[in-house]
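A.B. asks: Fold the stuff below for me.
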Amino acid sequence: MAVIESSKKEDQAFLQRLDHWTAELEKLRAEEAILRGGGGEKAWQKQRAKGKMTARERIDALCDPGAPFLELGLWAAYGFYEEYGGAPAAGVIVGIGRIHGREIVVVANDSTVKAGAWFPLTCKKVLRAQEIALENRLPIVYLVDSAGVFLPLQDEIFPDKEHFGRAFYNNARLSAEGVFQMAAIMGPCVAGGAYLPIMSDESHIIEGTGSIFLAGPALVRAAIGEEVPVEELGGALVQCDISGVVDHRHPDDASCLAKIRSQFEQLATPETAAFARRPPVDPLRPADRIAGVVPVDRSRPYDAHELLAHLVDGGEFDEYKESYGQSLVCGTGWIEGWAVGVVANQRSIVSRKTGTGERDRELQIGGVIYSDSADKGARFVELCNQKGIPLLFLQDVAGFMVGTRAERGGIIKDGAKMVNAVANSVVPKITIFVGNSYGAGNYAMCGKAYGARFLYAWPSASISVMGADQASETLLSIQLKTREVSESEKQELLDRIRRRYEAAMDPRYAAARLWVDAIIDPAETREVVARSLACAACNPELPEFKTGVLQT
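C.D. replies: Numbers count the residues shown, from 1 in each chain. Sure thing, here's the model as predicted:
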């Protein structure tokens, strides 16, 4: 393989960019520490006083000591439900852990947040965890400690296709597909929520703190007039020894989690996908300096090859159609020993000859997908599916090219080809939002709607239908059609629209809505991508790749 040409020079501008993004990451990490605190120290102590571990303590006891836990959805519900006191991390912890070296999905209710109640975004987060388990054939462990649906918002979580009942639908599908599900009832488990652990393949319950029933004592009293305490209605002895609903009971959290660990050691070793592997090699440029490549000003150019020099093993990159469709960089390389096909937006401003002489040289705007780039991207995605190579998308895209020349050149047709290829791709897809993710460029570069196995954002990411300046001017022009304002009022209105729009472009905004699975440190991109590929490889089955009708 060819080795990427890199300047290997960290000039003052590079160091300033690195310092800026390091500072932004520190702000994010400080906010994340608060989110990980859930309901706060007093709520933790209250839970421990009941003889219960906190949700994060349970995860630590469940997973291999010292093994990294890849947390997903930490920012879920950020800025939501403030009238109810907020719901840090949507009141549930989700991530990829390891038990005896095996990758698993963990879902743990945090009962320090509104007693572990399900908010609408709690539901969306749990469904995402189940989706990851199903797509990657990863066993899933539910650590249940929840009061059930958050009743003031029941109409936003109860009846629809992507609401509460979908979790039990997914229980059934996971089990039917042979994806092992283990559940531990470590606190209340009531009403519809009782189906989640019992529709799992195997279940555990804790004596004294765990309980499970379709209706709690208050509802039983209201419905049929029967007075019954929690333990007699649905405690561990009742549901394990009398009803037989639950499979195992334990005296405390620690013994339950130890038992689950021992049971996972006995699981059969699964087949894995035959993705190409080789021993990992350090990148050409240090991985922990990659953030220095990305400009602070989103309109500034940079070379995507410089990102790859910090990302791929040994800087080795076999570029596809290097001199064609240059606003998109495509090629194959290795990341931590995993073969990958890379599709990256090229933000540097490049020029090309049309074949009729120097005067026909055309300047291409960085980050824009042109017709030739879309054609190249579609064919490269097809090639990776033919070769069985997972795809990594590095998004920093301003969208598809617009204007008379682009329309007459068939930009919609070529863009549709790329979107079609990405939508129908069957090899695992992983998306990193490096910078801008605007308009249909988000789709073509495998945004959330296009079936990526995992999606991660850098602190520099921005997801929106268009840039703030363009959107602000567009929204302003619409408002000005209905009223007349002075120049000062016009500027004030423009600034207000821009501030509101820019707030919605922040990566926290996207992560709060689960458009991305996590906001990651750019320096950790290699290990996060490798971990994601290891999870994806747990599903050995790749369906036949088909694209349907394509206009040519």
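
A.B. asks: mind checking the longest helix of the protein?
C.D. replies: Secondary structure of the chain per DSSP state H: the longest helix is helix 12-36.

A.B. asks: For whatever helix or strand comes next after that helix, output the C-alpha coordinates as CSV.
C.D. replies: Downstream of helix 12-36, the first helix or strand assigned by DSSP states H and E is helix 41-49. C-alpha atoms of helix 41-49 as CSV (Å, rounded to 0.1, in the frame of the first residue of the first chain):
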residue,chain,number,x,y,z
GLU,A,41,-24.7,12.0,45.9
LYS,A,42,-27.7,12.1,48.3
ALA,A,43,-29.7,9.9,46.0
TRP,A,44,-26.7,7.5,45.8
GLN,A,45,-26.5,7.3,49.6
LYS,A,46,-30.2,6.7,49.8
GLN,A,47,-29.9,3.8,47.4
ARG,A,48,-26.9,2.3,49.3
ALA,A,49,-28.9,2.5,52.5
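
A.B. asks: what's helix 41-49 packed up against?
C.D. replies: Helices and strands touching helix 41-49, by 3 or more Cβ pairs under 8 Å, 6 or more residues apart in numbering; DSSP states H and E: there are none. Any C-beta I mention is one placed from the backbone N, CA and C, and that applies to glycine too.

A.B. asks: Show me what counts as buried in that helix.
C.D. replies: Buried residues in helix 41-49, counted by 16 or more other Cβ atoms under 10 Å: 43, 44, 47.

A.B. asks: Need the residues that contact the helix or strand just after that helix.
C.D. replies: Next helix or strand after helix 41-49 toward the C-terminus (DSSP H and E): helix 55-62. Residues from elsewhere that reach helix 55-62 (Cβ atoms under 8 Å, 6 or more residues apart in numbering): 36, 38, 53, 69, 93, 95, 97, 99, 106, 108-112, 141, 143, 145, 186, 253-254, 257-258, 260-261.

A.B. asks: for the record, mean pLDDT for the very next helix or strand once past helix 55-62?
C.D. replies: As assigned by DSSP H and E, the chain's next helix or strand after helix 55-62 is strand 70-72. When pLDDT is averaged over strand 70-72, the result is 98.

A.B. asks: starting at the chain centroid, how far to strand 70-72?
C.D. replies: Distance of strand 70-72 from the chain centroid (Cα atoms, centre = their mean, to the nearest Å) equals 9 Å.

A.B. asks: Residues contacting that strand, please?
C.D. replies: 93, 94, 95, 96, 97, 128, 129, 132, 517, 518, 528, 531.

A.B. asks: about what we covered before: buried residues in the longest helix of the chain, which are they?
C.D. replies: Residues 14, 17, 18, 20, 21, 22, 24, 25, 28, 32, 35 are the ones in helix 12-36 that count as buried (16+ other Cβ under 10 Å).

A.B. asks: Distance to residue 298 and pLDDT added to the residues you listed, as JSON lines?
C.D. replies: Shown next, in JSON lines, are the buried residues of helix 12-36 (distance: Cβ to Cβ, whole Å; pLDDT from 0 to 100):
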{"residue": "14", "distance to residue 298": "17", "pLDDT": "95"}
{"residue": "17", "distance to residue 298": "12", "pLDDT": "96"}
{"residue": "18", "distance to residue 298": "17", "pLDDT": "97"}
{"residue": "20", "distance to residue 298": "13", "pLDDT": "97"}
{"residue": "21", "distance to residue 298": "13", "pLDDT": "97"}
{"residue": "22", "distance to residue 298": "18", "pLDDT": "97"}
{"residue": "24", "distance to residue 298": "13", "pLDDT": "97"}
{"residue": "25", "distance to residue 298": "17", "pLDDT": "97"}
{"residue": "28", "distance to residue 298": "18", "pLDDT": "97"}
{"residue": "32", "distance to residue 298": "23", "pLDDT": "98"}
{"residue": "35", "distance to residue 298": "26", "pLDDT": "98"}
